[in-house]
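In: model this:
(chains A, B, C and D)
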Protein chains: 2
Amino acid sequence: MTHVPRVGAQRPGGRAARVRADVLGATIEVLDEVGYDQLGVEEVARRAGVHKTTVYRRWPTKPELVADAVRVTAEVEIPVPDTGALTGDLRALARAVAATISGGGGARRARSIVAAAASADGLDEALGRFWAARMALATPIIERAIERGEVPSDCDPITVIETTVGALWLRALLTGEPLDDAFVVAVADLVSAGATGEASS
Amino acid sequence: MTHVPRVGAQRPGGRAARVRADVLGATIEVLDEVGYDQLGVEEVARRAGVHKTTVYRRWPTKPELVADAVRVTAEVEIPVPDTGALTGDLRALARAVAATISGGGGARRARSIVAAAASADGLDEALGRFWAARMALATPIIERAIERGEVPSDCDPITVIETTVGALWLRALLTGEPLDDAFVVAVADLVSAGATGEASS
DNA sequence: CTCTTGACGCAACTTCTGTTGCGAGACTGA
DNA sequence: TCAGTCTCGCAACAGAAGTTGCGTCAAGAG
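Out: Coordinates of the predicted model:
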C-alpha cells in the first residue's frame, strides 16, 4: 500500500500558486481598464500567460473570479489607529479607507466589487460577511473612547464606524466624486462630534 | 412639398411608449430575480412580449438598458421633509431613503445599479451626476437648520447629507445587512448630534 | 531517480450573444 | 380617409463565451 493519496489533496507548490496569483493580478488589471461588464475571461488568460480553460476550471463563473481577485487586493491590513482621542482615530481610519478605495483603480474597481456581489448567488452572502467582519475590526476605536469617557457607554460602535466609512463609499460607488482630504476629515469630525456631543465646526 | 418630415422626428405615441415601459419593467423584474450578470437581453424581451432586436436597437448595451431601467424606478420623488427640527428632518430623510432602497428588489437591485455604472464608459459619469443632484436636493434640510441657529453657519450641507445617506447605502451595497429602523434612526441621530453639537444618546 | 497523481495546454465543439436586411404593421398629419 | 414614415417582427447570420476529452508536463513521495 505504498502511495496512499489523501483524498482531495491540493498542491500548494510552485506553479499552481504562481498561476493563481498571475490570473488574479491580470483580472484586477483588466477590471480597472475596461470595467466589469467588458471583462473577458479569455483576455485575462492571455495576459496571465495561461490558457482560458485553466481559468474556467478554477473559477467557474466571472463573478467568482472577480470576487476572488478583489478579496486578495482587499487583504491589505488597514491598521486600527490609536491616537489617544476619538477624533484623531476616526480621521486616521477615514484616511486609510479613502486611500485604499481610491488607491488603485479608483471608483471603477470599487464598483466592480459590488457588481460581482450582485451577480452570483452565494457570493452575495459571502462578501456580505467579509465586509461586516471588516467593519467590526475597527470597533476598538469606539470601545477605547468609551473607556476614556469620551462617549457615553450606550454608544453603538458599529453604527459609528459604518457611518464614517459609509460616506466615503457613497462617493466612490454612487456619485463618483473625488475623496479629497477636506471631505474625509469633515466626515470624520462630524461623526466624532456626534458621538462625543461636541460641535464639529 | 407636403409632408415635410422633421429630421430625427420621434414618435411619442402609443406603441413606442408602451414598448419602452414594458421592456424597462421586465428588466427590473429579471434584475431582481437573477442579478446583473445573469440578466439576458433575450429573456427580458420575452417577458416584455417583444422581439430581442427591438431591445438591442433601443439600448445598444446591457449596462445602458439596466441604467435606463433603474433611472425610471429612481424617479419616484423623495420628498424633502420639514419637521421643524434637524433631528426630525434627518430621521424622516433616512427613513425615506431606507424605504426606497429596500423597497423593491432589496440589496440585489441596489447592487445592480452600481454594476451598470462600473460597466459602461459614459454611464459612469452620467450616473454620477444623477446621484450628486439627488444628494443636493436634500440640502435645504441643513440650510433651514442653519437659519434656525441649530447648527453653525459653516456647516457643509452636502457633508451632512452624504454622511447620513452613506451609512444606509453601505449596508445595502457592501455588508447586505438589513436596514432596520433602529439602525436608520441611530445613524440620523448620530449625524444630527454631530452637526448641532449635542450628544446623540 | 522513478513512479504516481494532479494541473495545464490544446483543439474541437456547443451554446449563447449580438448584428443585419427586409417586409409588414402602426402611428401621425393632412 | 389616405399617404408617408417610423418602428417592430422575423430569420439568417457572425462572433464570442463557455465546455469537453485527451495528451503532456510539473510537483511531491518513496
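In: Now the worst-scoring helix or strand of chain A on mean pLDDT - C-alpha only, CSV.
Out: Of all helical and strand segments in chain A, the minimum by mean pLDDT, DSSP states H and E falls on helix A:106-119, at a mean of 84. Taking Å, rounded to 0.1, in the frame of the first residue of the first chain, the C-alpha atoms of helix A:106-119 are listed here in CSV:
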residue,chain,number,x,y,z
GLY,A,106,-10.4,54.2,-8.2
ALA,A,107,-14.2,54.2,-8.5
ARG,A,108,-14.3,51.6,-11.2
ARG,A,109,-12.7,48.9,-9.2
ALA,A,110,-14.8,49.7,-6.2
ARG,A,111,-17.9,49.4,-8.4
SER,A,112,-16.8,46.1,-9.8
ILE,A,113,-16.7,44.6,-6.3
VAL,A,114,-20.3,45.4,-5.9
ALA,A,115,-21.1,44.2,-9.4
ALA,A,116,-19.6,40.8,-8.6
ALA,A,117,-21.7,40.6,-5.4
ALA,A,118,-24.9,41.5,-7.4
SER,A,119,-24.2,38.7,-9.9
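In: Please report how far the residue sitting nearest the centre point of chain A lies from residue A:150.
Out: Among the residues of chain A, residue A:74 comes closest to the average C-alpha position under C-alpha atoms, centre = their mean, at 4.3 Å. To residue A:150, residue A:74 is 30 Å away according to C-beta to C-beta, to the nearest Å. To be clear about C-beta, it is placed using only N, CA and C from the backbone, and glycine gets the same treatment.
In: on that earlier part again, the least confident helix or strand of chain A and DNA strand D, are they touching?
Out: No. Helix A:106-119 is not in contact with DNA strand D by C-beta under 7 Å from any atom of the strand; minimum separation 10.5 Å.
In: Tell me the buried residues in that helix?
Out: By neighbour count on 16 or more other C-beta atoms under 10 Å in any protein chain shown, the buried set for helix A:106-119 is A:107-119.
In: is it anywhere near DNA strand C?
Out: No. Figure legend: helix A:106-119 not in contact with DNA strand C (C-beta under 7 Å from any atom of the strand); closest approach 12.8 Å.
In: tell me what that helix is packed against?
Out: helix A:14-34, helix A:62-73, helix A:121-137, helix B:106-117 (3 or more C-beta pairs under 8 Å, 6 or more residues apart in numbering or on different chains; DSSP states H and E).
In: any low-confidence regions in chain A?
Out: For chain A, applying pLDDT under 70 flags the ranges A:1-13, A:198-201.
In: Please repeat the previous calculation with a cut-off of 90.
Out: Along chain A, the model assigns pLDDT under 90 to residues A:1-18, A:32-37, A:70-79, A:100-130, A:176, A:197-201.
In: And the residue nearest to the centre of chain A, how close does it get to residue A:133?
Out: As judged by C-beta to C-beta, residue A:74 and residue A:133 stand 11 Å apart.
In: And for residue A:73?
Out: Distance, residue A:73 to residue A:133, using C-beta to C-beta: 16 Å.
In: just to revisit the earlier point, tell me the most buried of the helices and strands packed on helix A:106-119?
Out: Comparing these by mean neighbour count (mean count of other C-beta atoms under 10 Å in any protein chain shown), helix B:106-117 comes out on top with a mean of 26.
In: Is residue A:77 in a helix, a strand, or coil?
Out: The three-state label for residue A:77, taken from DSSP: H, G, I helix; E, B strand; the rest coil, comes out as coil.
In: Tell me who's in contact with it.
Out: Applying C-beta atoms under 8 Å, 6 or more residues apart in numbering or on different chains to residue A:77 gives no contacts.
In: picking up where we left off before, what is the nearest of the buried residues of helix A:106-119 to residue A:125?
Out: Distances from residue A:125 to these, taken as C-beta to C-beta, are shortest for residue A:117 (9.2 Å).
In: from what I can see that closest one touches residue A:67, true?
Out: Yes. Using C-beta atoms under 8 Å, residue A:117 is in contact with residue A:67, at 7.2 Å.
In: Overlap of the contact sets of the two?
Out: With C-beta under 8 Å, 6+ apart as the test, residue A:117 and residue A:67 both reach A:123, A:127.
In: Now residue A:171: closest residue in space that isn't a chain neighbour?
Out: Spatial nearest neighbour of residue A:171, chain neighbours left out: residue A:177 (4.8 Å); criterion: C-beta to C-beta, 6 or more residues apart in numbering or on different chains.
In: So residue A:38 sits against residue B:119, correct?
Out: Yes. Residue A:38 lies in contact with residue B:119 (C-beta under 8 Å); the separation is 6.7 Å.
In: Which two of the buried residues of helix A:106-119 have the greatest separation?
Out: Every pair of the buried residues of helix A:106-119 checked by C-beta to C-beta; the farthest is A:107 and A:119, at 18.4 Å.
In: excluding its backbone neighbours, what's nearest residue A:146?
Out: residue A:153 (5.3 Å).
In: Could you do residue A:179 as well?
Out: In this structure, residue A:179 finds its nearest non-sequential neighbour in residue A:98, 4.4 Å apart by C-beta to C-beta, 6+ apart.
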